[in-house]
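Student: Give me the fold of what follows.
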Amino acid sequence: MNARKPVSPRSLKSDLQRVDAHKIKQKEYQELPEITDEMLARAKVNKGGRPVSANPRKLISLRLPADVLERWKSTGPGWQTRMAERLGKVR
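Tutor: Predicted structure coming up:
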């Protein structure tokens, strides 16, 4: 992220005052379909988030010499993953 880049204000692109002022009419309720048992049987609840990993990572604190860390960082994006793979190899 570039700290010098100005941030533009985000917009919902909706007229929230008009939405808030809207009163639901009886006719609008009649336009909704009835929920049937078949519809409920097909319903699926999606839980958010990532799936649970079979091999979750653990947070540790590790002190490394600055030159070692700089060498890994100089290899580009994904250096942490490559470091973890190298440390995981059994000789």
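Student: low pLDDT regions in this structure?
Tutor: For the chain, the stretches with pLDDT under 70 are 1-8, 91.
Student: can we see that at 90?
Tutor: Low-confidence regions of the chain, defined here as pLDDT under 90, cover residues 1-20, 22-35, 44-52, 55-57, 88-91.
Student: the helices in it, which residues?
Tutor: For the chain, the helices defined by DSSP state H cover 16-21, 26-30, 37-42, 66-73, 79-88.
Student: And those helices: which comes nearest Arg57?
Tutor: Taking Cβ to Cβ as the criterion, Arg57 comes closest to helix 79-88 out of the helices of the chain, the separation being 7.9 Å. No exception for glycine: its C-beta is placed from N, CA and C like everyone else's.
Student: outside of the closest one, which residues touch it?
Tutor: Arg57, Trp72, Lys73, Thr75 (Cβ atoms under 8 Å, 6 or more residues apart in numbering).
Student: if I look at the last one, how far off is Glu85?
Tutor: The gap separating Thr75 from Glu85 is 12 Å, by Cβ to Cβ, to the nearest Å.
Student: now the second one
Tutor: Using Cβ to Cβ, we find Trp72 at a distance of 12 Å from Glu85.
Student: Those two: which is more packed in?
Tutor: Trp72 (14 against 10; other Cβ atoms under 10 Å).
Student: Look up the closest residue to that one, ignoring the ones flanking it.
Tutor: Ranked by Cβ to Cβ, 6 or more residues apart in numbering and with sequence neighbours excluded, the top spatial neighbour of Trp72 is Trp79, at 4.7 Å.
Student: Could you check how many residues crowd around that neighbour?
Tutor: As a burial measure, Trp79 scores 14 neighbours (other Cβ under 10 Å).
Student: Nearest to Arg10 among the helices of the chain would be which one?
Tutor: Shortest separation from Arg10 across the helices of the chain is recorded for helix 16-21, at 13.2 Å, computed as Cβ to Cβ.
Student: Can you pull out the residues in contact with that closest one?
Tutor: The contact list for helix 16-21 (Cβ under 8 Å, 6+ apart) is empty.
Student: mind checking how far it is from the chain centre?
Tutor: Its chain's C-alpha centre and that of helix 16-21 lie 29 Å apart, by Cα atoms, centre = their mean, to the nearest Å.
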